[in-house]
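> output the structure for:
(2 chains)
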Amino acid sequence: MNKSLWSRIKAWPLFLPVLSLILVMAVNIIHDVYIGANPFSFFMITLRETTGNGTILYGRIIDILNRGSEVAILAIGMTLVVSSSAGTDISVGSVMSLCASFCCMLLAGYGVSSTTTLARPLFVGVLAGILLGVVCGMFNGTLVAYFHIQPMVATLILFSAARAIGLLLCNDLIVYVRNGTFGIFGSYLGVVPSPVIIAAICIAVIAILLKKTALGMYIQSVGINDKASRIAGLNSKRIIFLTYTLCGLFAGISGIVASSRITSADSNNIGLYFEMDAILAVALGGNSLGGGKFNLAGSIIGAYTIQAITTTLYALGVASTQAPVFKAIIVIIIVSIQSEPVKAWFKKRNLAKQSKGVA
Amino acid sequence: MEGNVVLTARGITMTFPGVKALENVDFTLRKGEIHALMGENGAGKSTLIKCLTGINDFEAGEIHIDGISGPVKNHSTRDAQSVGISTVYQEVNLCPNLSVAENLFIGREPMTKFHTIDRKSYNVRSQKIMDDLGISVDVTQNLENYSLAIQQMVAIARAVDMECKVLILDEPTSSLDDEEVEKLFVLMRKLRDQGVGIVFVTHFLEQVYAVCDRITVLRDGKLVGEYPIADLPRVKLVAAMMGKNLDDLAEIQKESADDVRGNPLEISAKGLSHTGTVKPFDLDIHKGEVVGIAGLLGSGRSELARTIYGADKANTGSLTVDGKPAKINQPIDAMNLGMGMLPDDRKAEGIIGDLSVRENIILALQAKRGMFRQLSRAKQEEIADRYIDLVQIKTANRETLIKQLSGGNQQKVILARWLATDPDFLILDEPTRGIDVGTKSEIQKLIVKLAGEGKSILFISSEIAEMLRTCNRMAIMRDGQKVGELDHDLTQENVMKAIAGGEAHE
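Below is the predicted model:
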């Protein structure tokens, strides 16, 4: 009975992604025990008074959920793009930056480097920023779906150009929007960090969309066999286009969050290397980068796993300059346990054990 | 070896995973002959050629070449060229942005004493080569300035100048027009008279009889036979390629079919064509009628169906569906008019391998409904179960991935996918290929049953007997063209005669 439950858990598609996340958390517990702190301090969530934001939720879990929001939002779009086109959108980090720049430029006014009063209503800037993300996604989608340009090459264009366009919009300045209302997307809504809420809304909306419409099956069908999907009446090109558009939308939202956090548009730094984290999140979630079947929950767990690694490393006192080395080591371990040869090895070992037990 | 034989292959065997591509095949090429290598798609022509030219490593057998003692085994096209075997493909493997002369001498440029390329000499030599072969070109011009036919001739000239004894022409005429083909034939005959042995692969029967001296026929990876051209008239050639003996065929009885010509028209195509695959055709299909399309593989029969369905968008002509003019840009347009198509390549265009049987069955119906009107899970399961039962799909359960099913059951899933959309007009392209006999007859019965319900069916099959059993009428395809229809005297012999065409050689 126990065994069948265990084998059922192992068959669960999210088993390995969740296991990876738990392993990363376990490192924290071991560390806490080692330094003599409360072993569960990693999971402790407390209310804390702050000077800037009033009473807020505080704790390492909250920090991971908060800091991981941007990559989690990007991972949604990236999952759909990978599924439909067996390619990745490497422009999302740059598009984040462009959308942030556009939004801040509109809010501050062209050429203004720092402002406390908004030149336009907040929603105009934010919506325009997000809309620009959609436009970027449509651009990528057109190149991939209708011009049959390889996704890597097609999205390389905005990967290199979007940041520069952002700087152009901002007149080469870092535009600061030091107005409390703009900072709302990156700070707190009540006691909860707003990025967490925004990510939750994005995830909920897409989950409902996948559940209530045939979008999920369409995307997977096209990703698995676009020719057969076309014969069966799907508009393969339009579906691929749609996934890139959605990816752009989420890059836009993510860009606004990142920009709101620092209440400025720093074209050179916002979203830097985030495309890589988003792709990694998809892979950590147990999704094949070869397209087809996807598991959105896996990608989102993957995104938070990446953030958990970073937060853990800081908690362990690893210098931020050295953190990528350790992050790389952990990623290698996680990716390896999910790889086919390692899975096959475990299976073989289990079988050997079983037959031994019988004999 | 006989005195005039230039190449012999004996007992060539070659296996691809799961398929015996060539089994104990012999091939003999003599000096100064044009030898046609014939067979349907998948018969092993290309595989044999690749064995000769070193692209494939065959497992068993020997190749002997005149003037070389001992068996020859080529491991690359360069090896093959060094023993005098050159190949020219349908797509010209030359550099369009180099001059004709440069292309002729690429990789073996004549040198001056200073070890630089001797341009003057190779332009003069190139011009002489081309003049000798009767090809009028300016060798200093870039290759891309010339037509595909000339480019092909340059490729041939290059092969000939490299002292080839065996020249293999693999579908060289596929993209040429009639005039260009004639020019190519003049060159081929000239080379033959110079003693070159030419292997000619084509699916145009006319061309075989226009230029060849001898025919070798392959079928299913096996040698059927080698015949002098005079001994193998067209009908016999077709029979040899398809594996039917004409004498046996006459005995097969055709079941009578109800006359449905009084029914209103479901489909009426006028001058429909798709550039490069099927020439303009007219086709009427009545309600409740089963129309077969007969022709060799590659004759354009699938392409005709694809053009109606919008899988390949029609370039010319008009289509009327159920009496109303129809504009079809892509398959979903056709589906909305009540069509469905089971494509011939099940793996590439039929199944969605990583999706379940349930998802594969409801896919087309869902596509017709649109993304936002999702069938409820309960409804999906009900439909899936109903069709699993109706067409008897053998699957562990409805959530099994379709790729885990056998070929015949995969085909039934695709069939179920279309039945679920309740089509008025169903195109079945090779629905019985590669599936067991029992399932074949089930599908044939289903076709007759559907027609009885007033649905129209376009049925394509390589097995004429199967079409004879189910079809009311047959359209005949040859070389991408609909060449006629048969509606009475539907016998295997008549159909094969029609497929072969050109009675002159009988």
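> check contacts around residue 315.
Looking at chain A here, since you left the chain open. The contact partners of A:A315, by C-beta atoms under 8 Å, 6 or more residues apart in numbering or on different chains, come to A:N28, A:H31, A:F42, A:R60. C-beta: built from backbone N, CA, C; applies to glycine.
> actually, chain B is the one I wanted.
B:S273, B:H274, B:T275 are the contacts of B:N315 under C-beta under 8 Å, 6+ apart.
> what about the last one, how many neighbours?
By that I understand B:T275. A count of neighbours around B:T275, defined by other C-beta atoms under 10 Å in any protein chain shown, yields 11.
> quick one, what contacts it?
Counted by C-beta under 8 Å, 6+ apart, B:T275 has contacts B:N315.
> tell me how far it lies from chain A.
Here the criterion is C-beta to the nearest C-beta, to the nearest Å. By it, B:T275 lies 19 Å from chain A.
> got the phi/psi numbers for B:D161?
phi -70, psi -20 (degrees, to the nearest 10).
> again with B:V321
Backbone dihedrals for B:V321, given as degrees, to the nearest 10, come out at phi -120, psi 120.
> spatially nearest residue to it (excluding sequence neighbours)?
Nearest non-adjacent residue to B:V321, counting by C-beta to C-beta, 6 or more residues apart in numbering or on different chains: B:L337, 4.6 Å away.
> tell me the phi and psi of that neighbour?
phi -90, psi 10.
> that one reaches B:A326, doesn't it?
Yes - contact criterion C-beta atoms under 8 Å: B:L337 and B:A326 qualify, at 5.5 Å.
> beta-bridge partners for B:F16, please?
With DSSP bridges as the criterion, B:F16 is bridged to B:V19.
> what's the burial count for it?
As a burial measure, B:F16 scores 11 neighbours (other C-beta under 10 Å).
> need the residues of chain B near chain A, please.
Contact residues (C-beta under 8 Å from any C-beta of the partner chain) of chain B with chain A: B:311, B:330-332, B:335, B:341, B:343, B:348-355, B:359, B:363-364, B:366-369, B:371-372, B:374-375, B:417.
> who's in contact with the residue in the stretch 151-300 of chain A that chain B sits nearest to?
Proximity of the stretch 151-300 of chain A to chain B (C-beta to the nearest C-beta) peaks at A:G233, 3.3 Å away. Contact analysis of A:G233 by C-beta under 8 Å, 6+ apart lists B:P331, B:I332, B:M335, B:L363, B:A364, B:A367, B:K368.
> grab the nearest non-local neighbour of it.
In space, A:G233 is closest to B:A367, 3.3 Å off (C-beta to C-beta, 6+ apart).
> quick one: A:I270 and A:L98 touch, right?
No - applying C-beta under 8 Å as the test, A:I270 and A:L98 come out as separate, 9.1 Å apart.
> neighbour count: the two, which is higher?
Taking neighbours as other C-beta under 10 Å, A:I270 and A:L98 compare with A:L98 leading, 33 against 28.
> you'd agree the more buried one is in a helix?
Yes - read with DSSP: H, G, I helix; E, B strand; the rest coil, A:L98 is one of the residues of a helix.
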